[in-house]
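In: how does the following fold in three dimensions:
(chains A and B)
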There are 2 protein chains.
Amino acid sequence: MKWKRSERLVDMTRHLLENPHSLIPLTFFSERYQAAKSSISEDLAIVKETFEENGTGKLVTVSGAAGGVKYIPHVTETEVREVMALVKENLGRSDRLLPGGYLYMTDFLGNPKIMDRIGKVFASAFGDTEIDVIMTVATKGISIAHAIARHLNVPVVIVRRDSKVTEGSTVSINYVSGSTRRIQTMVLSKRSMKSGQKVLITDDFMKAGGTMTGMKNLLEEFDCELAGIAVLVEAEHTEEVLVDDYLSLVKLRAMNEKDRTIELEEGNYFTKGGKLS
Amino acid sequence: MKWKRSERLVDMTRHLLENPHSLIPLTFFSERYQAAKSSISEDLAIVKETFEENGTGKLVTVSGAAGGVKYIPHVTETEVREVMALVKENLGRSDRLLPGGYLYMTDFLGNPKIMDRIGKVFASAFGDTEIDVIMTVATKGISIAHAIARHLNVPVVIVRRDSKVTEGSTVSINYVSGSTRRIQTMVLSKRSMKSGQKVLITDDFMKAGGTMTGMKNLLEEFDCELAGIAVLVEAEHTEEVLVDDYLSLVKLRAMNEKDRTIELEEGNYFTKGGKLS
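Out: The predicted structure follows:
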């Protein structure tokens, strides 16, 4: 089959979007489309311009024998503000207030389209950071971890509260919960990380940061390095935060059970996430 | 900004891929690209042909005032066989054998690229089925549920083993585990489903089907309907299977701890999934 330029552009766009942060040799495209490398380069220039002008992401060309092209998901500031507004509007609905001052977020975390946008926003901020693995804690952090992972093309590892037979041998640590000051346990399968790996930690919600500290301690047990922390919602709190190098999308300022109000504002994404150009 | 056809094709492809199973009015594209509807229709014809000839999916046009275009992810038989081979090869490695005859799958379920392909394979089979929600049980089923959900554009609800304060009021049921015959509990937030919704149940592993039966019973408590069952790995077993209308990608025929061998074969995807054209 001989491909026309228009068909190549459609298929090439699909292939790049499905393979973020992956180096694709030009020969892959020239063989797939039975086209000269010069034609492929012209196609890629069109894709690059369209991606970059419309906030899809960057197309990075690596020259040389081992060269190729790499799609780096990257959002605009407008998109980040839109996603923040969406999160604030949705999570700010008064029927999300639960007895005891908790916020119901489960349906929100189960929405694939919103999660995909949030994942891309975080993947943008960490696009230039070396990351081998994304770590989260079961259950609520899993969807956000996978959403970020897909855009960064790295695996997800899941820390559990208890050991399960299907995990094989595990490493277990105890840590102190930040807000309740209780001793808790975290368990991670020994096979899930290799020493020296760089790990992005993520979770849906952070108050005093006890869970995050627990995960940081686990990293040490595996001789791994912290590459960053991404939090969907950080909560206002009176105690000192146990971690400081985190990036948050929104901040829960206050909840009032009597008035049934939830106050959300922008997180530290723009102030801390200086990597975003 | 005036868009050229080549730029429109790139951006349109991205927009369609990011919004599967969503009806997009032609006016959305003609306004975004400042182009006549006739030009947009020609663009869409190119995208449609390229998607359909290369196994990306279908592009369905709905005519009339409320009309538009919809991208339906749909894989070829070749892609399904490739994904099956990939799963068999990867899960068949002898170091996945755990004491007690369990299979270590956690790293596999944490790989976003493989999960995305598996999700699309299942989404293809259920592309013509009316589905409102995808249900799974924590923790291991979550990544596959989200992978399918993204391609079908429906939310994920997660059944838990225990009740958590962040879930609000819950509905709890007891069920008998298929292989161990033990009484177990399942909990689902009351807010997670509305009566009458059509639910696709999924999990990473199924033996006698006890967990699936538990989820089916939960559906009844919510006055919801079963739309289908998708299983990544079904295991050979001596007992009668408690559910029969499931679709599986691969089948675990046997594991031998002494010889350290794992035998996997194709699941019932092709025999049961007659919807795949």
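In: return stretch A:207-217 as PDB; C-alpha atoms alone will do.
Out: The C-alpha trace of stretch A:207-217 is given here as PDB (Å, rounded to 0.1, in the frame of the first residue of the first chain):
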ATOM      1  CA  LYS A 207      -3.100  16.500  54.600                       C
ATOM      2  CA  ALA A 208      -0.100  16.500  56.900                       C
ATOM      3  CA  GLY A 209       1.800  14.300  54.500                       C
ATOM      4  CA  GLY A 210       2.200  11.200  56.700                       C
ATOM      5  CA  THR A 211       1.400   8.800  53.800                       C
ATOM      6  CA  MET A 212       3.800  10.600  51.600                       C
ATOM      7  CA  THR A 213       6.500  10.300  54.300                       C
ATOM      8  CA  GLY A 214       5.700   6.600  54.600                       C
ATOM      9  CA  MET A 215       6.200   6.200  50.800                       C
ATOM     10  CA  LYS A 216       9.500   8.200  51.000                       C
ATOM     11  CA  ASN A 217      10.700   5.800  53.800                       C
END
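In: quick one: is it near chain B?
Out: No - residues of stretch A:207-217 are not located near chain B by CB under 8 Å from any CB of the partner chain, the shortest gap being 12.0 Å. Using the backbone N, CA and C atoms, a C-beta is placed for each residue, glycine as well.
In: need the contact partners of that stretch.
Out: If you take CB atoms under 8 Å, 6 or more residues apart in numbering or on different chains as the criterion, stretch A:207-217 is touched by A:135, A:137, A:159, A:173, A:175-179, A:184, A:186, A:201, A:203, A:206, A:226, A:229, A:231, A:234-235, A:237, A:239-243, A:246.
In: bridged to the spatially closest residue to A:I24 that is not a sequence neighbour, which residues?
Out: Residue nearest to A:I24 in three dimensions, not counting chain neighbours: A:G68, with 5.0 Å by CB to CB, 6 or more residues apart in numbering or on different chains. Taking DSSP bridges as the rule, A:G68 bridges to A:V62.
In: please list all residues in contact with A:G68.
Out: A:G68 sits next to A:23-26, A:28, A:61-62 when contact means CB under 8 Å, 6+ apart.
In: rebuild the residues you listed as a markdown table, extending it with pLDDT, neighbour count and secondary structure.
Out: Formatted as a markdown table, those follow (pLDDT from 0 to 100; neighbours: other CB atoms under 10 Å in any protein chain shown; DSSP: H, G, I helix; E, B strand; the rest coil):
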| residue | pLDDT | neighbour count | secondary structure |
| --- | --- | --- | --- |
| A:L23 | 97 | 14 | coil |
| A:I24 | 98 | 17 | strand |
| A:P25 | 96 | 14 | coil |
| A:L26 | 95 | 18 | helix |
| A:F28 | 97 | 14 | helix |
| A:T61 | 93 | 13 | strand |
| A:V62 | 92 | 13 | strand |
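In: which among those residues gets closest to B:R191?
Out: A:I24 (43.1 Å; CB to CB).
In: quick check: the closest one touching A:A66?
Out: No - counting by CB atoms under 8 Å, A:I24 does not reach A:A66; the two are 11.9 Å apart.
In: gap between the residue in the stretch 151-277 of chain A that chain B sits nearest to and B:A254?
Out: Nearest residue of the stretch 151-277 of chain A to chain B (CB to the nearest CB) works out as A:V156 at 4.1 Å. For A:V156, the distance to B:A254 equals 30 Å [CB to CB, to the nearest Å].
In: these two: who's more crowded?
Out: A:V156 (29 against 13; other CB atoms under 10 Å in any protein chain shown).
In: chain neighbours aside, what residue packs nearest to the more buried one?
Out: Nearest one to A:V156, counting by CB to CB, 6+ apart, is B:G110 at 4.1 Å.
In: can you pull the contacts of that neighbour?
Out: A:149, A:155-158, A:192, B:143.
In: give me the helices and strands touching the longest helix along chain A, please.
Out: Scanning chain A for the helix with the most residues, using DSSP state H, yields helix A:37-53. Judged by 3 or more CB pairs under 8 Å, 6 or more residues apart in numbering or on different chains; DSSP states H and E, helix A:37-53 is in contact with helix A:5-18, helix A:26-33, strand A:57-62, helix B:5-18.
In: and it, which residues are buried?
Out: A:39-40, A:43-44, A:46-48, A:50-51 (16 or more other CB atoms under 10 Å in any protein chain shown).
In: helices of the stretch 51-200 of chain A, start to end?
Out: With helices called from DSSP state H, counting those that start in this stretch, the stretch 51-200 of chain A shows them at A:77-91, A:106-109, A:112-125, A:142-152.
In: to B:G127, which of the ones you listed lies closest?
Out: helix A:112-125 (15.6 Å).
In: run through who's touching the closest one.
Out: Outside helix A:112-125, the residues that reach it (CB under 8 Å, 6+ apart) are A:20, A:73-75, A:79-80, A:83, A:86-87, A:90, A:108-109, A:143-144, A:146-152, A:202, A:230, A:232, A:247, A:249, A:269, A:273, A:275-276, B:18-19, B:146, B:149-150, B:153-156.
In: ChimeraX command to pick out the buried ones of these?
Out: A single ChimeraX command suffices to select whichever of these are buried according to 16+ other CB under 10 Å:
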select /A:20,73,74,75,79,80,83,87,108,109,143,144,146,147,148,149,150,151,152,202,230,232,247,249,269,273,276 /B:18,146,149,150,153,154,155,156
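In: count the residues that sit near A:R32.
Out: Per other CB under 10 Å, the neighbour tally for A:R32 reads 16.
In: and it, how close does it get to chain B?
Out: Distance, A:R32 to chain B, by CB to the nearest CB, to the nearest Å: 9 Å.
In: what sits against that residue?
Out: Contacts of A:R32 (CB under 8 Å, 6+ apart): A:D11.
In: quick one, grab the pLDDT at it.
Out: Confidence at A:R32, expressed as pLDDT, is 97.
In: also A:D203?
Out: pLDDT at A:D203 comes out at 98.
In: for the residue nearest to it when sequence neighbours are not counted, which residues are in contact?
Out: Excluding the flanking residues, the one nearest A:D203 by CB to CB, 6+ apart is A:G141, at 4.4 Å. When contacts are counted by CB under 8 Å, 6+ apart, A:G141 is found next to A:202-204.
In: A:L188: neighbouring residues, count only.
Out: Residue neighbour count, defined by other CB under 10 Å, stands at 25 for A:L188.
In: ok, it touching A:D162?
Out: No - between A:L188 and A:D162 there is no contact under CB under 8 Å: 11.6 Å.
In: turn the contacts of B:G110 into TSV, columns for distance to A:W3 and pLDDT.
Out: Listed next are the contacts of B:G110 as TSV, based on distance: CB to CB, whole Å; pLDDT from 0 to 100:
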residue	distance to A:W3	pLDDT
A:A149	32	98
A:P155	33	98
A:V156	35	98
A:V157	40	98
A:I158	41	97
A:S192	42	95
B:S143	34	97
